[in-house]
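Engineer: sharing a model prediction with you, sequence too.
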Amino acid sequence: MDPIRYLAREVEQLKKADRDKGSTPQLGTSSIENGTLGVNENGVLKQTIGMQPDGTNVTVAFNGPTPPTPSTPTVESLSEAVKISWDGLWVGGAFAPLDLSRIDVHIVSDTATNPLTTPPVATIAAAGWGEASVPVAAGNYYAVLVAWTMSGQYAISNYSAIATSLPTTVPSSDGLAPEASPVATLRQFAVSALAWKLVPLANPDPQTYRVYAGLTGFVPGVANLVYEGPNTEGRFDRIGAALLMPTDTALPSPQYVVRVIARDADDSAAIGAESNAVSARRADNYDISALYAYFGDVEVGQLTSGTVNASMILAGEIFAQVALARAGISGTDGFVSFGPDGSQIMSVPIVPDENGKIAAFLRAALTATSLTVEDFLALRGVNNEFSKGSVTTLATGTTRPSSPPQPSIDYQLKSRFFGSLAWGQTGFAKDGSTYWVASSFFGGSLAQFAETADSFDLLANYDLGSNINPVGVTVLGANVYVLASDGSRTTGDFGNYYVRRYDKTTGAFVDEWRYQPAGTSTGVYSNYRPTIGNDGTDIIIAQCANQNTAPGNYPVIRRYVPATGSLIGTAATSIVVADHLTSINVGTFDLGLTAYYLTREGSSTASAIVSSASDGSLNFPLPKTSGKQFLIWDGTIFKTLTDDGVYLHTQHFWTSTALDRWWVAHSWFDNNLTNGLHETSISNKVSFPMKKRARLTITAPPLPAATGGPDDVTGVRIYHGQGVSTPTDVNMKRALAEIPDGVTTVQYTTTMDRSTSANTGTPAPFPMSVPARIQSSVGGMVMSGDGNLVVPTARAKYSSGDGGATDTSSGSSTYKPIPSSGLVFVAPASGVVVIHMSAISRTSTNNIAAVMTFEVRTGATIGAGTIVRSPIEFISNAGTEYLRMGATDIAEGLTPGETYNVQGVFRSSTAGTVVTCARATFVLQPSL
């Protein structure tokens, strides 16, 4: 093709592709498989969709604009509470941003206090307006709103003064019980959560409600008490007893109701009638269908999606946490993929055109270190090249896998039906087969859970009181010990901590003793929150000191007599930590020595302390990189409680940093012993930084296609090595646990049990099978893995009867055509063809020869065109009887791709002799 015309066509195609962008869905039939789609604006990340670095699958916004300022809230004094309302308006008449997440409500002591330094007392959903009622003590306060966007940007409203004439914490009394208990209006039930609306009563005394839930006709009692608190409207997401919310209930039945008891300082009213009944709805339905669904803020422990389909995806950056590799579209680098070691393994550059820059997914330079294609591979380039020195193998049997297996590192996550305990968690403890969680959500509470195969289910929930703020929990003997700051004793005294003892069977309060915070003898106490644990005999409390003198910011660990709180001893550690502690564990664990493990709010590492000193070789990472994390030892493995649920650690543990880098490979394996065991040598190796106590998942490529014989591949074997340098095959040890037939993905949660022998490179090879082949799309040429080569041929056979054509010339160089003989062909790339010709001939006189040959001409008409290969005599018959004779010769110097024709010709060798030729046959074969 003319180069100018070729370039002009390319330019026009690029213009058309750019015009089509405005009317054609982008990536209309694309999907995200275990990856992440990112959105960039001028090189700045704005949003990611799909799998996040912590393993969850959500939509996350980044670097958004600052929201407008919300209007000043209004306040209204209630009984022992204040109602804070927002009218949904914005300063300057601005509109609510589309990425609005929520409006947090804060109460501060003065206008100089930054509300972000205090926790919110309520949250208004991003629905346009709302109000919240919260209990407060008497005093001077200010209410302030903070508007948050999904990307974490915020705006603070003006401060609104709260009246100081609020009632004290001592309830007033008119000497009368409430007139009646209200009938609740039930809105919905979900697994372990319900929502209701309570109508306030006309009674001057401060009131509280007790709400019970159950089936129609149930008897209210402690087991089905789901809420106790102020009579504020719209309390949502209250915890219910597990027996009331079975997770396997078929919908739409059974139906649930609630009953309410109103109480004040004098007495309780009679229990109210049953509410309306509603059906329980599973929160984990398989499908959610809607014409339009908007989620302003979604918090999930784990979201798994097989396929994401979209008519158009606008992405600034794509991240895929697959095989510890990451890929992204960013800036002018294009689509770039990096391996576990950080090296670039694939690049699709962004190419410019006159209208900007587009990602050239379909016309791009693609580089990959390993590529396995299932089902179909098409090479449609003008020049497809195999590099020098490379070897392309057509397998006859099963050969070693080329692509290595893909490792993935994560933690098993067990969901839990915590209800309101999904927030405000302050402690985590284990007691035999049950678990305890302390929470400060809507006042202090203590919950007991049972572990199932895939979740933690609520067994009991105990209210600690609105003034009890737990910061930790541990279980020892028959009691649960809660470390809490008690605001009812000395308001504002940050160092006022008590260890409260509860009966673990009934939840009843037993007694308490005061904990003296870490600090100096002058009363300058630490303002870092402590945590509590035990060593099987004594109570242990750890807290970071914050004075400038020794021991500085080091954690102080103290032992106490559980029943009396008598101090047994104090140990000042040498690990520098200045943070709120979330958990402390002490024991030998699986280490073979006694150690403490501390976790803290500002760290994603479990820090080890041995003999009062930090031992970094024993540290290990926690599942999440932010937020509160609470660590426990369950006797076999560590478990970490987070807002997402409970993550299970594994037994993968080592102390030498030289073992941080792991290597894996695999082989194809056949365990059909009928014809003997077969195994290939191992694949290429892949390396990755392994996390201590994390779960390792290894996924091998799909098994080679079976041919139906007894020696097909039935499975894989995994090989493992450790070290900074690439291990030799001899040092790649096989995992002893055989993987079931047909399975290519395996998870390892215990220290990988490896054989002492390795895949030495001389395995039992698979026998010969159906060979691979390369063949022409029109048939003919076949190159087979068994070494056979069938070259494409063209055949033509023509017959003119026994008479044929005759010639009586005398040695003339003028040839006659053999009737109806010849064929048309296209010259191959080499310009050389091999032509075999045969025909029958005879002569009227013995020893006078009939001479035959062929000629090659240009064009598609046999016998016409310019001769490019003149007749060369190489066939003769001097007999009077018909005899078929033939020979082979070449035609060379042909123009590749041009059309030619070949025709048989003959003549007599002696004048006056009649010769006859007929039934010529041609076989044409392109030459290399």
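Structural biologist: Yep, that arrived.

Engineer: low-confidence ranges in the stretch 1-150 of the chain?
Structural biologist: 1-3, 6, 17-31, 33, 43-44, 78-80, 126-129, 137-138 (pLDDT under 70).

Engineer: can you rerun that using 90?
Structural biologist: Counting by pLDDT under 90, the stretch 1-150 of the chain has low-confidence residues at 1-67, 70-143, 147-150.

Engineer: mind jotting down where the strands sit in it?
Structural biologist: With DSSP state E, counting those that start in this stretch as the criterion, the stretch 1-150 of the chain has strands at 36-41, 44-51, 57-61, 74-78, 81-86, 100-108, 122-125, 130-135, 141-149.

Engineer: buried residues of the second one, list them for me.
Structural biologist: For strand 44-51, burial by neighbour count (16 or more other C-beta atoms under 10 Å) applies to 45-51. Placement of C-beta: from N, CA and C, glycine included.

Engineer: where along the stretch 551-700 of the chain do the strands fall?
Structural biologist: Going by DSSP E, counting those that start in this stretch, the stretch 551-700 of the chain shows strands at 555-560, 567-572, 581-587, 595-600, 605-610, 613-614, 620-621, 630-633, 638-642, 645-648, 661-670, 678-679, 686-689, 695-699.

Engineer: now tabulate these in TSV and tack on mean neighbour count and distance to residue 821.
Structural biologist: Output for the strands of the stretch 551-700 of the chain, formatted as TSV (neighbours: other C-beta atoms under 10 Å; distance: least, C-beta to C-beta, whole Å):
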stretch	mean neighbour count	distance to residue 821
strand 555-560	22	101
strand 567-572	12	107
strand 581-587	23	95
strand 595-600	24	92
strand 605-610	20	88
strand 613-614	14	96
strand 620-621	18	82
strand 630-633	22	91
strand 638-642	23	86
strand 645-648	23	82
strand 661-670	24	54
strand 678-679	22	55
strand 686-689	20	62
strand 695-699	20	62
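
Engineer: any idea which of the ones you listed gets closest to residue 122?
Structural biologist: strand 638-642 (23.1 Å; C-beta to C-beta).

Engineer: pairing partners for the closest one, with directions?
Structural biologist: Strand 638-642 has the following strand partners under DSSP bridges: strand 630-633 (antiparallel), strand 645-648 (antiparallel).

Engineer: for residue 399, which of those is the nearest?
Structural biologist: strand 645-648 (38.8 Å).

Engineer: which residues are in contact with the closest one?
Structural biologist: Here strand 645-648 makes contact (C-beta atoms under 8 Å, 6 or more residues apart in numbering) with 301-302, 411-416, 435, 455-456, 622-624, 637, 639-640, 695, 749.

Engineer: mean pLDDT and distance to residue 146 for the strands of the stretch 551-700 of the chain - can I get that in CSV?
Structural biologist: Shown next, in CSV, are these (pLDDT from 0 to 100; distance: least, C-beta to C-beta, whole Å):
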stretch, mean pLDDT, distance to residue 146
strand 555-560, 90, 33
strand 567-572, 85, 39
strand 581-587, 94, 25
strand 595-600, 93, 26
strand 605-610, 91, 30
strand 613-614, 84, 38
strand 620-621, 96, 32
strand 630-633, 95, 27
strand 638-642, 92, 24
strand 645-648, 89, 28
strand 661-670, 90, 45
strand 678-679, 86, 63
strand 686-689, 92, 39
strand 695-699, 91, 38
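
Engineer: so can I have a markdown table of the ones you listed showing distance to residue 257?
Structural biologist: Output for the strands of the stretch 551-700 of the chain, formatted as a markdown table (distance: least, C-beta to C-beta, whole Å):
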| stretch | distance to residue 257 |
| --- | --- |
| strand 555-560 | 47 |
| strand 567-572 | 52 |
| strand 581-587 | 39 |
| strand 595-600 | 42 |
| strand 605-610 | 46 |
| strand 613-614 | 56 |
| strand 620-621 | 47 |
| strand 630-633 | 36 |
| strand 638-642 | 33 |
| strand 645-648 | 30 |
| strand 661-670 | 56 |
| strand 678-679 | 64 |
| strand 686-689 | 54 |
| strand 695-699 | 43 |
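
Engineer: quick one: closest of those strands to residue 529.
Structural biologist: Taking C-beta to C-beta, strand 581-587 is the member of the strands of the stretch 551-700 of the chain nearest to residue 529, at 6.6 Å.

Engineer: and that closest one, which strands flank it?
Structural biologist: Paired neighbours of strand 581-587 in the sheet (DSSP bridges): strand 595-600 (antiparallel).

Engineer: got the angle for the partner strand vs strand 555-560?
Structural biologist: On the basis of axes from the mean of the first three to the mean of the last three C-alpha atoms, to 10 degrees, strand 595-600 is oriented at 120 degrees to strand 555-560.

Engineer: got a list of contacts for strand 595-600?
Structural biologist: Residues contacting strand 595-600 (C-beta under 8 Å, 6+ apart): 531, 542, 544, 555, 557, 573, 575, 577, 579-589, 606-610, 615, 618, 622, 629-631, 633, 638, 640.

Engineer: which parts of this structure belong to which domain?
Structural biologist: Domain segmentation of the chain under automatic domain parsing yields 74-162, 185-281, 412-648, 657-758, 794-926.

Engineer: lowest average pLDDT across those?
Structural biologist: When the domains of the chain are compared by mean pLDDT, domain 185-281 comes last with a mean of 59.

Engineer: state the distance from residue 532 to residue 654.
Structural biologist: Distance of residue 532 to residue 654, computed by C-beta to C-beta, to the nearest Å: 30 Å.

Engineer: of those two, give the one with the bigger neighbour count.
Structural biologist: Neighbours around residue 532 and residue 654, counted as other C-beta atoms under 10 Å, are more numerous at residue 532. The numbers are 28 against 14.
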